[in-house]
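# for reference, the sequence and a predicted model appear below.
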Amino acid sequence: MKRVLILSAVFTLCTVSASAQKDKPWTEWNQKEALKMLTDSAWSQTQTELNDSSGSSGGAITKTESRNEATMKMGDAAKNQESGESVGRQAVSLSLKYYVAFLTAKPVRAAFIRMIELQQPETPAAKITERRMFVERDFGDYIVVALKMDGTDRKRLVPVNQALGGSNTDTFKDVVYLERKDGKRVSLMDYRAPGPDGMGAKFIFPRTFEGKPFLDASSGEVRVYMEINKMKVARKFRVADMMYDGKLEY
């Protein structure tokens with residue numbers, strides 16, 4: 001009974017925290033709140049693959065990491081806090097992390113800008129105004145999913161980042177897509193390699209499908225699927241949770 005009560009309390013705390021983050025103006029988010037939005041939220045998830053020092057590989061962690069486990073480096077906006085992880089084995093596990101986020105979702109853009117503002121508090125007001133325009137930007141007919149890589153397993157991280165930097169739309173045309181719960185998919189229409197903005201690689205999809213928005217309140221789930229340098233990234237997002245300021249954001 002005691003264990004049930006503790007788990008219930010933790011779940012309630014997490015639910016209240018997530019709700020408060022949505023209700024709180026993004027300009028008031030602290031670093032933890034902004035980081036959580038970028039790594040563990042309705043619009044962003046983290047997939048981790050482990051490889052212990054003995055050489056045996058672990059499978060991908062398919063759950064979304066908590067904000068205490070996940071870190072994301074978005075240009076100058078976030079600091080890498082990786083130091084190696086223990087997974088209950090004597091050998092130290094090396095990690096490879098994939099951060100997947102809907103960049104066209106307003107709260108993700110807000111979190112990115114908020115991280116920059118927190119780490120650069122002396123920025124002139126004019127520059128702050130310019131940056132905040134990115135949060136209000138209208139992406140029109142496109143869905144943009146950003147992929148950022150990080151981790152302690154440099155032997156695997158370097159080749160993956162090289163693959164992202166040296167690829168084009170044709171490289172990912174048949175192995176990157178968005179899929180609804182009903183099985184309908186939209187294919188990749190454009191790809192942008194990681195650049196100086198620090199947001200990672202950008203995968204661009206059409207927002208409409210068969211003359212209608214690809215996602216709506218009845219879509220259930222949307223799955224982001226990618227194959228990067230023989231590594232598979234697959235994340236499911238619950239569409240009903242992707243509401244922000246009364247609007248479906250994706």
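All right, it came through fine. Model, not experiment: these values are computed from the prediction. Numbering: from 1, shown residues only.
# just the pLDDT for the closest residue in space to V224 that isn't next to it in sequence.
Distances taken as C-beta to C-beta, 6 or more residues apart in numbering put R235 closest to V224, at 4.9 Å, once the chain neighbours are dropped. No exception for glycine: its C-beta is placed from N, CA and C like everyone else's. What the model reports for R235 is a pLDDT of 97.
# which residues of the protein score low on pLDDT?
Applying pLDDT under 70 to the chain picks out residues 1-22, 52-92.
# what segments of it are strands?
44-52, 57-61, 93-102, 142-151, 176-180, 185-187, 190-192, 201-206, 208-209, 212-213, 221-228, 231-238, 243-244, 247-248 (DSSP state E).
# pick the most buried one from those strands.
Highest mean neighbour count among the strands of the chain (mean count of other C-beta atoms under 10 Å): strand 93-102, with a mean of 24.
# which secondary structure elements does that one sit against?
Secondary-structure packing of strand 93-102 (3 or more C-beta pairs under 8 Å, 6 or more residues apart in numbering; DSSP states H and E): helix 31-39, strand 44-52, strand 142-151, helix 154-165, strand 221-228, strand 231-238.
# which among these is found nearest to Y177?
strand 221-228 (5.6 Å; C-beta to C-beta).
# export that closest one to PDB, keeping only CA atoms.
This file holds the C-alpha atoms of strand 221-228, laid out as PDB (Å, rounded to 0.1, in the frame of the first residue of the first chain):
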ATOM      1  CA  GLU A 221      -1.000   9.100 -32.200                       C
ATOM      2  CA  VAL A 222       1.700  10.200 -34.600                       C
ATOM      3  CA  ARG A 223       4.900   8.300 -35.000                       C
ATOM      4  CA  VAL A 224       8.200   9.800 -36.100                       C
ATOM      5  CA  TYR A 225      10.300   7.200 -37.900                       C
ATOM      6  CA  MET A 226      13.900   7.700 -39.100                       C
ATOM      7  CA  GLU A 227      16.800   5.500 -40.200                       C
ATOM      8  CA  ILE A 228      20.100   7.300 -39.700                       C
END
